[in-house]
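Asker: give me the fold of what follows.
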Amino acid sequence: MIFITRLRSVHISNATYGIADYISLPALMLCSAPFLLHHLGVEQYAIWVLASATVTSGFLLSAGFGDAALKYISTYRGNHDHAGTERIIRTLLGINLVLGITVATLLALFIPPLVAHLPNVSASLQISYQHALEIGCVLLVVKVVESVFICAQRAFERYDIAARFTIATRIVTIGAAVIIAALGRGTVAIMLSTLLVALISVVLQAFTVWRHLAIHSLLPSLHPASMKELFSFGAFSWLQGLVGLFTGQADRFLVGYLLGTHALAYYSICVQAAMPIHGIAAAGLQVLFPYLASRLRVLSNTALRQKFAAAFAANIALVAILAFPVIFGSRYILSYWLDPNFAAHASLTLSITACGFALLGLNVTGFYMLMAMGRIKLLVFVNTVGAAVMLVAITLLAPRFGIAGAAAGRLLFGPIVCIIYIPLRNALRIAQDAPGQAIAMQRAL
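Answerer: Purely as a prediction, here's the structure:
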């Protein structure tokens, strides 16, 4: 009984830290946005958004192999194979360094022509754009290295340590941005301070992993056997991360290119305000993945349907609680949070964006169930189609309808990814009801 109580306590603690980790960034961004918009101006704030999106894109690209490493580090840890654990960590470091440097280099090559073709941007702002994005490329490499140490801590079930580092880093980073903006400096200075904080954080995290996990060496490696393990699982997860990049960041680059920095600032604020509708639902229900994956061989079809029904009901309730106030109270929220003028320009966009994230949030239960069944190829395919339709729709609608058109284009992504419930429903309709029937469901998918 004591062991069970402790086990549940660990899971609750890890889930709580996971949610806190997710909430911390949007909460800090939303709280700091009015001050930063006032002191930086709309254009400088938009530069910061684009530079930050560059860093986030690199982190998303490394997430797939991080999922694979999480699996194999946990496996080796369970087998008390310390050498295997260290080998996976060092190989992931090597992969992420190669991947991060490659992506950062490619982005750096495209920065000058991209900045030169931005509409309605003065020469001085173009220089700020270029310098901020260049610093963002360096920061990208630092962040993908940091993700290795976060992954290692989570594999050892130390979500608390990983979350404390990330939350503290974000608080210091946003705090520094506020101070720098108050002193009258611009986005380039903010990006330099962000890079400094990130470098300190990655050094401290590397020391924590080396000391607490008793790792002998943290030198990057490309061990052939470990690379084979990571690529066998991580290739499709990496593709999923790439799709996440397009759905989460590419729309902002597209809006900035099509409509300019002023419109991008309005659009980005609306996306930041609505994104937690899906993010909190995903963070709260992420326990479905390991829970179902470990029980597919023993759950009957009836039991699995019951688990799905309960989880989906909770999914709907959570999304409704989060989405309805934003959808129907967008003008009041923006007026109170920012100012009535901002609300007049962006309230419709926020309502449409909230609808889009609500539809995407309804996808969470099906996503984790299919992940537990090993159907990542199906998920990658559906998400790729959704991302392509979304970007095409934004390209067509934004020039005609402005930021509301861009939000309408993003709205299409949610219904498309919810198509995954069709094959999942077919699997749940399997007539034979016997223990272990869920394994046969994987074939039905």
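Asker: please make it C-alpha for all contacts and neighbour counts, starting now.
Answerer: OK.
Asker: and the gap between the residue lying closest to residue 351 once chain neighbours are set aside and residue 349?
Answerer: Nearest non-adjacent residue to residue 351, counting by Cα to Cα, 6 or more residues apart in numbering: residue 327, 4.3 Å away. To residue 349, residue 327 is 10 Å away according to Cα to Cα, to the nearest Å.
Asker: more crowded one of those two?
Answerer: Ranked by neighbour count (other Cα atoms under 10 Å), residue 327 and residue 349 place residue 349 first, with 26 against 20.
Asker: tell me who's in contact with that one.
Answerer: With contacts defined as Cα atoms under 8 Å, 6 or more residues apart in numbering, residue 349 is in contact with 267, 270, 403-404, 407.
Asker: cutoff 7 Å now
Answerer: 270, 403-404, 407 (Cα atoms under 7 Å, 6 or more residues apart in numbering).
Asker: look up how far residue 128 lies from it.
Answerer: For residue 349 relative to residue 128 (Cα to Cα), the value is 28 Å.
Asker: give the contact list for residue 378.
Answerer: Counting by Cα under 7 Å, 6+ apart, residue 378 makes contact with nothing.
Asker: just the element for the nearest residue to residue 330 once chain neighbours are set aside, please.
Answerer: In space, and not counting its chain neighbours, residue 330 is closest to residue 347: 5.2 Å by Cα to Cα, 6+ apart. If you go by DSSP states H and E, residue 347 is part of helix 340-361.
Asker: kindly report the same for residue 36.
Answerer: Per DSSP H and E: helix 2-40 holds residue 36.
Asker: do the same with residue 138
Answerer: Residue 138 belongs to helix 123-155, assigned by DSSP H and E.
Asker: which parts of that helix are buried?
Answerer: 126-155 (16 or more other Cα atoms under 10 Å).
Asker: state the distance from residue 261 to residue 255.
Answerer: Taking Cα to Cα as the measure, residue 261 falls 8 Å from residue 255.
Asker: contacts only, for the residue nearest to residue 330.
Answerer: Here residue 347 is in contact with 330-331, 334 (criterion: Cα under 7 Å, 6+ apart).
Asker: make a markdown table out of the residues you listed and add pLDDT.
Answerer: Shown next, in a markdown table, are the contacts of residue 347 (pLDDT from 0 to 100):
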| residue | pLDDT |
| --- | --- |
| 330 | 88 |
| 331 | 89 |
| 334 | 87 |
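Asker: closest one of these to residue 391?
Answerer: Distance to residue 391 across the contacts of residue 347 (Cα to Cα) is lowest for residue 330, with 24.2 Å.
Asker: spit out the contact partners of that closest one.
Answerer: Applying Cα under 7 Å, 6+ apart, the residues near residue 330 are 347, 350-351.
Asker: tell me which of these is nearest to residue 207?
Answerer: Looking across these and measuring by Cα to Cα, the closest to residue 207 is residue 350, at 42.5 Å.
Asker: let me see the contact set for the closest one.
Answerer: 270, 330.
Asker: please repeat the previous calculation with a cut-off of 8 Å.
Answerer: Residue 350 makes contact with 270-271, 273-274, 326-327, 330, 407, according to Cα under 8 Å, 6+ apart.
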